[in-house]
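**Q** Sequence first, predicted model second:
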Amino acid sequence: MIADLQETRWTGRPGYPVRTMVGLCLVRSLYALPTWTRVVALVADHWKLQRALGCEGKPPSKWAVYRFAAKLRENAPMVERCIDEVVEGLKAKLPSYGTDLAIDASDMPAYANGQRYVSKDSEVERNWHTDPDASWGHRSAVSTRRGGGFFGYRLHMATCTATDLPVTWTVETAKAHETRFVADLLDTAKRRGAMAATAALDKGYDIERIHSECMERDCLPLIPLKQTPDVKRGDHKPPCCEHGEWKFAGSDRKRGRSKWRCPTGECAPASTWVKADRLHPLVPRESKRWKAAYRKRGSVEREFGRLKHSFGLKPLRVRGLDRVRLHADLTILTKLACALLKARTATSAKPRREARRGLPKRSPPRSGVPVRRQ
Ligand SMILES: [Zn+2]
């Protein structure tokens with residue numbers, strides 16, 4: 001990304017090195033600072049940070065940083081390509097990364113006032129908000145916080161359940177329904193080289209469209225059943241005969257059907273193939289495999305928590321969809337870059353340890369003196 005951005009700077013003022021400015025983006029998320037002004041103040045105070053960023057003695061001004069943020073927004077495809085490469089790098093180092101996904105959405109309250117009326121006792125409705133891209137959405141209760149409406153945006157994210165790391169994400173206005181973005185998230189995950197073999201989603205996503213979108217992308221959906229009229233009627237139950245309820249006997253992924261068998265095998269066709277749909281998924285909801293895989297859905301919730309509380313995803317101090325998107329992209333990019341660095345140092349340290357095994361002991365026995373093992 002640094003090289004790409006350097007090329008866009010062939011004219012105009014020389015400015016700060018692009019590496020310094022990209023480094024500032026990392027500093028912001030690592031220290032969980034909400035605004036660029038605070039980041040600049042921190043760097044100005046600490047010579048060690050200046051040395052790491054390559055700007056010792058001349059820290060960038062806040063105006064330079066805001067100009068750079070604008071540049072990143074204009075060159076959004078470059079940021080996207082950078083994220084793609086980091087994800088591909090992680091995939092190369094962590095083979096299990098991106099196989100089993102957990103998808104969910106989380107609220108990001110806007111840095112704006114979403115009041116409906118012009119003033120407290122007024123009857124006149126506002127026709128304009130400080131953040132015109134934000135909207136009212138619903139969030140569920142968490143701990144002691146009540147569920148209800150909030151004004152702002154929603155972060156839709158797919159994380160890997162094995163490593164707890166984000167794979168794909170998108171920021172949309174709060175009123176956009178969460179089920180509209182699952183297909184895009186899966187497509188982007190595939191583009192970035194993730195396998196996306198299964199996807200665990202909560203009850204809110206239990207509609208036929210999500211099931212078929214996942215199946216079209218060769219991804220098994222794991223979604224609990226919502227009490228819709230057909231479920232109340234009992235349409236989701238397995239076939240049944242006088243010998244009792246039929247047993248699950250495996251699925252054929254290519255045909256998109258699962259086999260169900262008579263418990264005693266006395267019926268004339270002893271088994272039948274049922275086409276996969278929302279009511280009869282290829283991994284039955286009562287199976288051990290489904291339960292074990294669905295339990296890992298918590299990974300996405302933990303990741304939302306970490307991003308919001310330790311990486312500065314919250315509170316938002318920018319307005320407008322493109323600015324909020326850049327904020328989320330840079331925050332998650334920092335998180336992934338840290339993970340990539342960790343994975344690379346972990347794997348590069350291994351050969352050294354193995355090489356030491358072959359070396360002689362620290363204090364070799366003196367020549368001529370026989371050594372007897374105790
Ligand atoms: Zn039977």
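**A** That came through fine.
**Q** Buried ones in stretch 172-190, by neighbour count?
**A** By neighbour count on 16 or more other Cβ atoms under 10 Å, the buried set for stretch 172-190 is 172-174, 176, 178-179, 181-183, 185-186, 188-190. Glycine gets a C-beta too; all of them are placed from N, C-alpha and C.
**Q** same thing with stretch 54-69?
**A** Under the neighbour-count criterion of 16+ other Cβ under 10 Å, stretch 54-69 has C55, P59, P60, K62, A64, V65, F68, A69 buried.
**Q** Output the below-cut-off pLDDT ranges for the stretch 1-150 of the chain.
**A** 10-14 (pLDDT under 70).
**Q** The ion contacts on that one?
**A** Residues of the stretch 1-150 of the chain lying close to the ion (Cβ under 5 Å from the ion): none.
**Q** Please list the members of the buried residues of stretch 54-69 that lie in helices.
**A** Counting by DSSP state H, the part of these found in helices is K62, A64, V65, F68, A69.
**Q** all helices of this protein, in order?
**A** Under DSSP H, the chain gives helices at 2-7, 18-30, 36-45, 47-53, 62-74, 76-93, 182-191, 208-216, 229-233, 288-295, 298-310, 321-358.
**Q** Pick the most buried one from those.
**A** helix 18-30 (a mean of 21; mean count of other Cβ atoms under 10 Å).
**Q** so it versus helix 76-93, what angle?
**A** Using axes from the mean of the first three to the mean of the last three Cα atoms, to 10 degrees, the inter-axis angle of helix 18-30 relative to helix 76-93 is 70 degrees.
**Q** Which other helices and strands does helix 18-30 contact?
**A** Here helix 18-30 touches helix 2-7, helix 36-45, helix 47-53, helix 62-74, helix 321-358, going by 3 or more Cβ pairs under 8 Å, 6 or more residues apart in numbering; DSSP states H and E.
**Q** chain center to that helix: distance?
**A** Here helix 18-30 is found 21 Å from its chain centre; the criterion is Cα atoms, centre = their mean, to the nearest Å.
**Q** Now do it against helix 298-310, angle only.
**A** Put simply, helix 18-30 runs at 110 degrees to helix 298-310, going by the same axes, to 10 degrees.
**Q** roughly how far apart are the residue nearest to the spatial centre of the chain and I103?
**A** The residue lying closest to the centre of the chain (Cα atoms, centre = their mean) is P166, at 2.8 Å. As judged by Cβ to Cβ, to the nearest Å, P166 and I103 stand 11 Å apart.
**Q** Could you do P95 as well?
**A** Going from P95 to I103 by Cβ to Cβ gives 21 Å.
**Q** More neighbours: those two, which one.
**A** Counting neighbours by other Cβ atoms under 10 Å for P95 and for I103 shows that I103 has the greater number, 29 against 10.
**Q** Quick check: the more buried one touching V300?
**A** Yes. Assessed by Cβ atoms under 8 Å, I103 is found in contact with V300 at 6.6 Å.
**Q** any common contacting residues for these two?
**A** Residues touching both I103 and V300 (Cβ atoms under 8 Å, 6 or more residues apart in numbering): M157, A158.
**Q** And the lengthiest strand in the chain, what does it pack against?
**A** Of all the segments assigned as strand in the chain under DSSP state E, the longest by residue count is strand 148-160. Helices and strands touching strand 148-160, by 3+ Cβ pairs under 8 Å, 6+ apart, are strand 100-109, strand 135-139, strand 166-173, helix 182-191, helix 298-310, helix 321-358.
**Q** Count the neighbours of D252 for me.
**A** Neighbourhood size, D252 [other Cβ under 10 Å]: 12.
**Q** check contacts around the residue in the stretch 51-200 of the chain that the ion sits nearest to.
**A** Of all residues in the stretch 51-200 of the chain, T198 sits closest to the ion, at 31.6 Å by Cβ to the ion. The contact partners of T198, taken as Cβ under 8 Å, 6+ apart, are T99, D100, L101, C219, L220, P221, L222, V283, A293.
**Q** out of those, which is most surrounded?
**A** L101 (31 neighbours).
**Q** Kindly report the residues of the stretch 201-350 of the chain close to the ion.
**A** Counting by Cβ under 5 Å from the ion, the residues of the stretch 201-350 of the chain close to the ion are C241, H243, C262, C267.
**Q** Quick one: buried ones out of those residues?
**A** If we count by 16+ other Cβ under 10 Å, those have these buried: C262, C267.
**Q** and Y16, how far is that from N75?
**A** 16 Å.
**Q** So if I had to pick from the two, which one is more boxed in?
**A** Set Y16 next to N75 and count neighbours by other Cβ under 10 Å: Y16 wins out with 21 against 15.
**Q** can you list contacts of stretch 334-343?
**A** With contacts defined as Cβ under 8 Å, 6+ apart, stretch 334-343 is touched by 25-26, 28-30, 83, 86-87, 89-90, 93-94, 163, 165-166, 306-307, 311.
**Q** which residues does the residue nearest to the centre of the chain bridge with?
**A** Applying DSSP bridges to P166 yields these beta-bridge partners: T159.
**Q** Contact partners for it?
**A** Listed by Cβ under 8 Å, 6+ apart, the contact set of P166 reads M157, A158, T159, C160, E303, L307, I332, K335, L336.
**Q** What is the neighbour count of the fourth one?
**A** Okay, so that is C160. For C160, the neighbour count with other Cβ under 10 Å is 28.
**Q** Might one say that it is in contact with T99?
**A** Yes. Using Cβ under 8 Å, C160 makes contact with T99 at a distance of 7.2 Å.
**Q** Export stretch 16-36 to CSV, keeping only CA atoms.
**A** Provided in CSV are the C-alpha atoms of stretch 16-36 (Å, rounded to 0.1, in the frame of the first residue of the first chain):
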residue,chain,number,x,y,z
TYR,A,16,5.7,13.5,5.0
PRO,A,17,6.9,10.1,4.0
VAL,A,18,3.9,7.8,3.2
ARG,A,19,5.4,5.2,5.6
THR,A,20,5.1,7.7,8.4
MET,A,21,1.5,8.4,7.6
VAL,A,22,0.5,4.8,7.3
GLY,A,23,2.3,4.2,10.6
LEU,A,24,0.1,6.9,12.2
CYS,A,25,-3.0,4.9,11.2
LEU,A,26,-1.6,1.9,13.1
VAL,A,27,-0.8,4.1,16.1
ARG,A,28,-4.4,5.3,16.2
SER,A,29,-5.8,1.8,16.5
LEU,A,30,-3.1,0.4,18.7
TYR,A,31,-3.5,3.1,21.3
ALA,A,32,-7.3,3.2,20.7
LEU,A,33,-7.4,6.9,20.1
PRO,A,34,-10.7,8.3,18.7
THR,A,35,-9.3,11.3,16.7
TRP,A,36,-6.3,12.1,14.5
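**Q** Before I go, just wanted to say thanks for your time.
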